[in-house]
Structure formats: C-alpha cells, structure tokens
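Q: Structure here, sequence nowhere to be found:
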Ligand SMILES: Cc1ncc(C[n+]2csc(CCOP(=O)(O)OP(=O)(O)O)c2C)c(N)n1
C-alpha cells in the first residue's frame, strides 16, 4: 500500500464532499484522511485527501473516477511534486503537578504549544509533517493520553504556480 | 410564470416530445401545468414503468428520456430504472418532487433524501430549493445527460418551488467549471493504432454499446469494410454491425458464440470500441485475449485500464476518433483486405462450423426456433427489446439485428421488469419501427401493470413470453452448480398470461405446438395493435454455449448442434 496526497478543487456546493468521499469508498478505495476548506476563490472548495492504494494503476482509477464528478474542477497529485504538507494535532494528556514540567519540555523540543490547562490535564497543539506528529505522540507513551484529534494532511506545492493552473 | 411552467417551458426548449410519469402530492402544481399546457405525457402504472419507458425511448431514439415522479415513494420507485440507465449510459432527466422547503430534513410526510439516494447511480443530481435556479438547472441537466458519456440526471424540486413566480429566461449556454462534454483526443493515439493494424496479422474488431450511444455505426462499418476483418460485439453492441454483415461472428462473452470467443482468444490485435470489459464479456480476465495487443477506444478515461489493461488507448469521443481512423486507414498505402483475408476466412469458417443452435427434440417449441422464426418474419428494421434471463440471451443469439439502437436490453444491471415498459417507450419514440419484446414468465410479472399503459395508449407492440414455468436462468445455474436444487425458482404456472393481458386491454394468444410456428405465428405477427403471445417452451433448456464464471473464453461449454 502506498499513500498519495491529492488536492481536489470542487464547486463550493452542498453535498460535494459526500460525492467525493462516497465515490471513493464505493469503488472500494481506501481514504486515509480527508479535509475540506475554502480557498482564495469563494466559489471553490479545496478537498485534501490522502488515499492508500495498491498501485499506480489504482491511483489512476481514483483520479479518473473522481474527475467524472461534475462538481470536480481539478485534481492534482501532490505526492510527487515538491510540496509542503502539514497536519494539525490536538492531544489531551493527563497531567498532574509532577508530570507537567516533563510535558512542557517535550512540547518545547517539538515547538508545539500548550493551549489549555486544568488541574488534571493539558491540551497540546502541534502542526507538522505526519512523521513529526507521529513522533510527538510517541513521546507521550508513558503518560496517559485522554484524547487525540488529528486533521489529516493538507498541502501546497512549492513555487508560485497554484494547483488550479497546473 | 411559476416554477412548474418554467420546467415545462424548458423541456419544450430542449425539444422534449413526451414525458413519462406518475403524479402525487409534491408534483401537483407541475401536473396542473401539464394539464394547462397540454404537455404530452404518458401515465404509466408504476414509476418504475415510467423510468424504463423513458430509458427505452432514449435508447431507441438517442434523445433524452424524461420522467416525472412525486417525492418519497414516487422517487424511490425510480431507483432501479435510474441505476439501469446509469450502468448502460442512457441519457435521462428525472424530475422528482421534494417536500416543500420548510419541511425538508424533518422526516416529513413522503420525504426521502433523493439526492443522497441517487448519488451513486446518477451522472449528476440537483436539489432545487429556489425557483430562480430552475432554468439554469434544467439547461445543465440536459447538457450533462446527453453529452460526454451519457447518463441519468435527477432534479429534485421542493414542492413550493413549483408554485413560485419567476422571471423566466432560459440560458443559452452552460458554464460548468469541471465539465465540458467535449472529448477530442490526441491524434497521435489514432496514428499508433493505424501502425498497429499495419503490423497485425489477425486483427479483430470488438464493438460495444458506445458505438450505439455515439451513433457511429456507419463509421465503424466503413472501417470494417476497408480492413476486411472479423467483427464481434458485446451484448450492448448488438446492432452496431449488421447480423448478416461480412465477417460478423455474433455476440461474444459468457453466452457468446464459439466463433467470437475463439477469435478473441486467437487474434493478435483486438480493437475494442466503446466497451468496458464487463466480467460477462471477458471470462477470466488474466487469460482474456492472451495473444493480442489490446486497443481501447473509449470516451471515459475511468474505463481505460479499469478491468483490462490496454496496450494502446484512444481516449476521446468515438464521433471524433472513428472518422479519423477511417480517414487515416483509407489513405494508408496498404491492401488490408487481401492481407487479412486468410484470417477472416478462417474466423468466419470456424463461426459457421459451430453456430448458435439447439436440438430439435421434444413436443414443445424450442426457444431458439421461436426467436429465429420471429426474426425471419419481422421486417429488417424491427426493434427487439428483452427482459432478463435465458430469453434475453436467446434473443441476443437468435434475433438478427441489422441497425444500431435496434436491440434494447438491460446489460449492465440485468434488470428483470425492464422489457415491457422499455418496449413501450421505444415504440413511442420510433412509431414507424415494429417493436417486439422477448420476455420470460418471471420477468413479465415484474412490470406487467404496464399492459394497461400499452392498451390505454394503443401502443402497437408484440410481447412474446418464453413461458418455461421456471426462473430459467436461475434454474440453469442451479442445474449446473447447485445439484439441480430448484430453490424458489419454480413458478407453479397458475397465472394465465393471456387472461392477464386481456384483463388490462391487450389481446392475448397462446402457442403450445411446434406447427403453430408456421400456421399461427405469421398471422399473429402481421396483425396490427398490441398483442401478447404466450409461448410454452421446455423447462429445462440451457443457454449454450456458456463460459462458466472464472473460466477462459475458450473453455466454453458448447452444446446445441455441436
Ligand atoms: C430484478 C431482478 N431480480 C432478480 C434477478 C435475478 N435473475 C436473473 S435471471 C432470473 C430469471 C428470469 O426468469 P424469466 O424472466 O422467467 O426468464 P427465463 O430465464 O426463464 O427466460 C432472475 C430471477 C434479476 N436479474 N433482476
């Protein structure tokens, strides 16, 4: 299995995200993560999707099937392009007085942030590449993680050309 | 004008001649507009009948079939028909009523999430909540349905939208960011095919439904004429090449001809045109056409390499690629015909050696004999429609089709109950062509209510039931793979189809004896008006040849005359 990051520009209309995700799952392809948001053009939404597929041929199928959706304007495979990919994670960790200093250390080394604190727990935030986030989470193995929320990857290619002009 | 009138105005602008449908609460205003504007409308007896009728109309004419249905159960009754049309790339526009805006999302009376339900089986769909969107949405819907790879589009309209007054202006153009509907490809891909043909020794042309859909049968025929190569078709490709055309080997695939399947396995170049390599046609994919370079002419990029990997592809509309190929071949300095003559001769001789056949034993009329007889009695321009089952395969094997859009069948979905409404739709679209439906005693019951529609509208078509008192195709599989356990496939045969159709206003006849093929059948077929002919056929006849699931095309179980 290989992971690919696709940027999909779609019409900003209700139901489009369902069309996209529905098509992928109904064709028996695997979605690792999916996120959507507004772009510089108000009528266009960008869906960032990570799919895991068996082969290039299967990836082609995902792309050509998605291209058939009337609301899909453009699909670009960012995997092979030089690009910056980021993910956001929020982690809630059990943290009494005794562990707080250690947690603070880890957070600083990773250039993460403590964004909330209570007598029993802290919430930390980190953005970065998937591997960095995985490493960060690993660091808390000895602590009690109460809850994790992760966004999945979003990405932009390097250089001045936007996806819509690729 | 109000939204309802705006819908009908738009249909007029799109050249819609007739709508198939069924009224209900959410579309009362729409139907009031139908009444006031005297819009041509056929009331079927079930929404499934309406959508299959529109499908038959669309397949026979190449125009967009249009359907109206009410919200909730009306709309959900369309699902089978929409899915059928989607699988076979049939252009439809289905306009369904939705509950009024304030009621949407509240599980209101007769509410169903029609866009949600139809998303996987439509080319596109819309929920219209504002009346001012109607003209644009209708314009887009017709454009999407008929261009590119055609398909069904659903427009779900909130009830109050039909009542809302708007300033009507029908847009001249469609502007969709992600869809152009035009597919001109890369000429170099066609050149590569010409080179491949020049190198080939045993090329075979394999045509599919795309040639029917794109109305390019003429170009195809010219290409075959220039090359002098054998031709085979998929089920949906029947009619793209005339049954008596030079080099025609018959349909290929699971119940395809010996000649076709062997030719596929032997050829060194397989020119696949507008087909999608369904599992019913390939047999064991890994062993499909093992010696051939596979060329795929295809409009839909997602079809290329989906099921079978192509060595060469020509991506684009057949209306672009086939004329181009024809012109390039006619200019090519190559005497294709004499070069391919030995192969053509061999392929045709092999096909003649083992044609579709049946054994003449027993008292009862054999399905093959019946369909061959009807084929010889009906005019050349007859449109044959089928239901799903053994009779469908026998019709594909024994009915000679000469023209594109003259063999209508639910291929991709295999929908029992398709036949009767589709046949009535086809006859309405092509009133000058004789229409014959081949159906089974199982299939006919699935939409038999449409006899009433046929009678009330005096739609002249011949319905032939191959009455074997069993769900034949199911029983065939049970015979072959489940030790003859006829689990729930036997029909007791207490239903009298002659009475059934007569009760709804269609004349009915029954044939039981072989000699009636000569004595009665010709008279019946020459009579005018709708008619049912219930023909008693043996219960245990198999459709042969057959490629069992997962086997290679040349591992056919033969039978019949061999
Ligand atoms: C709606 C639907 N339900 C079930 C099937 C499965 N099926 C395929 S063929 C067949 C039997 C068809 O029987 P009949 O119409 O009598 O035709 P025959 O095979 O006897 O010619 C069945 C049940 C189907 N194709 N469609």
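A: On my side now, so go ahead. The structure presented is a predicted model; accordingly, all values stated were derived computationally and were not measured.
Q: Run a quick neighbour tally on the residue of the stretch 251-400 of chain B found nearest chain A.
A: When you check the stretch 251-400 of chain B against chain A by Cβ to the nearest Cβ, the closest residue turns out to be residue B:302, at 3.9 Å. Any C-beta I mention is one placed from the backbone N, CA and C, and that applies to glycine too. Other residues lying near residue B:302 total 19 when counted by other Cβ atoms under 10 Å in any protein chain shown.
Q: any idea how far the closest residue to it other than its chain neighbours lies from residue A:34?
A: Nearest-residue entry for residue B:302: residue A:64, 3.9 Å, with adjacent residues in sequence omitted and distances by Cβ to Cβ, 6 or more residues apart in numbering or on different chains. When Cβ to Cβ, to the nearest Å is the yardstick, residue A:64 and residue A:34 sit 19 Å from each other.
Q: that older thread, doesn't the residue of the stretch 251-400 of chain B closest to chain A lie inside a helix?
A: Yes: Residue B:302 sits within a helix when classified using DSSP: H, G, I helix; E, B strand; the rest coil.
Q: Could I get the contacting residues of it?
A: Neighbour list for residue B:302: A:61, A:64-65, A:67-68 [criterion: Cβ atoms under 8 Å, 6 or more residues apart in numbering or on different chains].
Q: can you check residue B:446 too?
A: Taking Cβ under 8 Å, 6+ apart as the definition of contact, the neighbours of residue B:446 are B:387, B:416-417.
Q: now the helices: where do they sit in chain A?
A: Assigned by DSSP state H, the helices in chain A fall at A:16-26, A:56-67, A:97-109, A:130-138.
Q: near chain A, which residues of the stretch 151-300 of chain B show up?
A: If contacts are counted using Cβ under 8 Å from any Cβ of the partner chain, the residues of the stretch 151-300 of chain B sitting beside chain A are B:176-179, B:300.
Q: Let's see the pLDDT reported for residue 161.
A: Assuming you mean chain A. Reading off the confidence values, residue A:161 has pLDDT 95.
Q: let's do chain B instead
A: What the model reports as pLDDT for residue B:161 is 98.
Q: pretty sure it is in contact with residue B:127, am I right?
A: No: taking contact to mean Cβ atoms under 8 Å, the distance of 10.0 Å between residue B:161 and residue B:127 leaves them out of contact.
Q: who has more neighbours, these two?
A: For residue B:161 against residue B:127, the residue with the higher neighbour count under other Cβ under 10 Å is residue B:161, and the figures read 28 against 22.
Q: and whichever residue of chain A sits closest to the ligand, how many residues sit next to it?
A: As assessed by Cβ to the nearest ligand atom, the ligand sits closest to residue A:26 within chain A, at 20.5 Å. Residue A:26 is surrounded by 11 other residues when neighbours are defined as other Cβ under 10 Å.
Q: what's the answer for residue A:56, then?
A: For residue A:56, which is what you asked about, the neighbour count (other Cβ under 10 Å) is 10.
Q: Spell out which residues of chain A are next to chain B.
A: By the rule Cβ under 8 Å from any Cβ, the part of chain A lying against chain B is A:10-11, A:14-15, A:18-19, A:22-23, A:26, A:44, A:57, A:60-61, A:64-65, A:67-74.
Q: Chain A: strands as residue ranges?
A: In chain A, strands defined by DSSP state E lie at A:2-11, A:30-38, A:44-53, A:72-77, A:83-94, A:113-117, A:121-128, A:145-150, A:154-157, listed in chain order.
Q: which strands and helices sit next to the shortest one?
A: Put plainly, it is strand A:154-157. Taking 3 or more Cβ pairs under 8 Å, 6 or more residues apart in numbering or on different chains; DSSP states H and E as the contact definition, the neighbouring helices and strands of strand A:154-157 are strand A:83-94.
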